[in-house]
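>>> my questions concern the predicted model and sequence given below.
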Amino acid sequence: MSDEILQPEAAADDLAFEGALRPGSLAEFVGQQKVRRQLQLLLDAAQLQNRAPDHILLAGPPGLGKTTLAMIVAHEGERPLRMTSGPAIQHAGDLAAVLSSLVPGEVLFIDEIHRMARSAEEMLYLAMEDFRVDIMVGKGAGATSIPLELAPFTLVGATTRAGLLPNPLRDRFGFTAHLEFYEADELHRVIERASGLIGLQIESDALREIAGRSRGTPRIANRLLRRVRDYALVHGAAADHTAVSAALELYDVDEHGLDRLDRAVLSAIVERFDGGPVGLSTLAVTVGEEAETIESVVEPFLVRSGLVTRTPRGRVATPQGWRHLGRAAPGPQPSLIDDL
Ligand SMILES: Nc1ncnc2c1ncn2[C@@H]1O[C@H](COP(=O)(O)OP(=O)(O)OP(=O)(O)O)[C@@H](O)[C@H]1O
């Protein structure tokens, strides 16, 4: 994405900041009410039975709180937490090393679990079901497998692409939480809490303005809050509505959270192709961006915002999309009216 301020993935400077802002309990975790209640039940039941909670899969786009929830699962049950990620597990042996060193009741968090090696996935099936792995020793006809007992543990897997997980793996999770984008009032609460934690005095309508531009994503909301803090600090100004408008204009984030590339795509559909339909590859060439970036980053947000729709013949700007660019959507063509 051209404008990194709105990317939902963590950037290096987010990481230091995010550690201090993560809610430590389900009660402090804002929004996702259904998921919170489901998780609470699962954790309470495990506590009453004095056992490790069932394995949990957290599915949803980046920046919505999957890592935070994994930490909460460990923290609420007062269990140690081990963190790793799919890309770090490229061989079954990598996974065996982690699993065999877990202590009883430990929570194992595997981020981006869909990116783990296939051989490790297969090892994980048995580990999740029976707390056991079979270690292969030797090669060819002389190879034997030695069973290794594991301490009972809770696997918390996170994925942005639940559809990429093989069914046998998905089925072994006792609970799958689907995280949704946040409403503006929920993001308002996220950054209200964050501003308190970083000691920033900020007005409520400034928070509302940031929340409305954060694309439903707490990570983006926290990042925009930081830029507003910087702006207020450097200009010796209050962190108010004016500071938000000025700071976010500087970073090309408009009042609906669209950045330069989003607007370029929308205006290409409206201005160059009369509102569409236009195919993805034509659109990509027109704005000079990879088709994949448009399809995976720009388009989902424009569609979710009601500015663009996808049709079998291509992308079409909605009347709201036209209005966003300050243009009136054309009415039905005279020939179409005649046909009615
Ligand atoms: N519900 C929430 N309430 C308060 N803060 C939140 C909430 N969800 C996320 N955050 C904040 O947003 C930031 C990103 O959250 P987190 O790292 O958990 O997202 P993630 O879904 O794991 O992202 P990724 O998929 O990129 O790893 C953190 O600073 C976290 O404190």
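Okay, I see it.
>>> which stretches in the protein count as strands?
With DSSP state E as the criterion, the chain has strands at 56-59, 81-85, 107-111, 132-137, 144-149, 154-159, 175-178, 308-311, 314-317.
>>> any idea which of the ones you listed is most buried?
strand 154-159 (a mean of 26; mean count of other CB atoms under 10 Å). Any C-beta I mention is one placed from the backbone N, CA and C, and that applies to glycine too.
>>> between the strands of the chain, which gets nearest to Val98?
strand 81-85 (6.0 Å; CB to CB).
>>> who touches that closest one?
Strand 81-85 has contacts (CB atoms under 8 Å, 6 or more residues apart in numbering) with 67, 70-71, 74-75, 98, 102, 106-112, 115.
>>> would CSV of the strands of the chain with mean pLDDT be doable?
As requested, these are arranged in CSV below (pLDDT from 0 to 100):
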stretch, mean pLDDT
strand 56-59, 97
strand 81-85, 97
strand 107-111, 97
strand 132-137, 88
strand 144-149, 90
strand 154-159, 97
strand 175-178, 96
strand 308-311, 95
strand 314-317, 95
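>>> which ones are touching the residue in the stretch 1-150 of the chain that the ligand sits nearest to?
Nearest residue of the stretch 1-150 of the chain to the ligand: Gly65, at 2.8 Å (CB to the nearest ligand atom). The contact partners of Gly65, taken as CB under 8 Å, 6+ apart, are Phe29, Gln32, Leu179, Pro218.
>>> thinking again about what came up before, now render the strands of the chain as CSV, adding distance to Val265.
Below are the strands of the chain laid out as CSV (distance: least, CB to CB, whole Å):
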stretch, distance to Val265
strand 56-59, 27
strand 81-85, 31
strand 107-111, 30
strand 132-137, 47
strand 144-149, 52
strand 154-159, 27
strand 175-178, 27
strand 308-311, 8
strand 314-317, 8
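>>> out of those, which comes closest to His91?
strand 132-137 (11.3 Å).
>>> what pairs with that closest one, parallel or antiparallel?
Note on strand 132-137: by DSSP bridges, its sheet partners are strand 144-149 (antiparallel).
>>> what sits up against stretch 195-208?
Under CB under 8 Å, 6+ apart, the answer for stretch 195-208 is 20-21, 184, 188, 191-192, 225, 228-229, 232, 238-241, 243-244.
>>> give me that answer again for 6 Å
Residues external to stretch 195-208 that are found in contact with it (CB atoms under 6 Å, 6 or more residues apart in numbering): Leu21, His188, Ile191, Glu192, Arg229, Ala239, Asp240, His241, Val244.
>>> domains for the chain, by residue range?
32-178, 184-250, 260-325 (automatic domain parsing).
>>> list the contacts for the closest residue to Val103 other than its chain neighbours?
Leaving aside its chain neighbours, Val103 sits nearest to Ala151 (5.8 Å; criterion: CB to CB, 6 or more residues apart in numbering). By CB under 6 Å, 6+ apart, the residues touching Ala151 are Leu102, Val103, Pro104.
>>> distance of the residue of the stretch 1-150 of the chain closest to the ligand relative to Glu192?
16 Å (CB to CB, to the nearest Å).
>>> could you do Leu108 as well?
33 Å.
>>> Met123 now?
Distance from Met123 to Glu192, by CB to CB: 44 Å.
>>> please identify which of these two sits among more neighbours.
More neighbours surround Met123 than the other of Met123 and Glu192, with 23 against 16 (other CB atoms under 10 Å).
>>> coming back round to it: and the contacts of stretch 195-208, which is closest to the ligand?
Leu21 (4.3 Å).
>>> sweet, I'm off.
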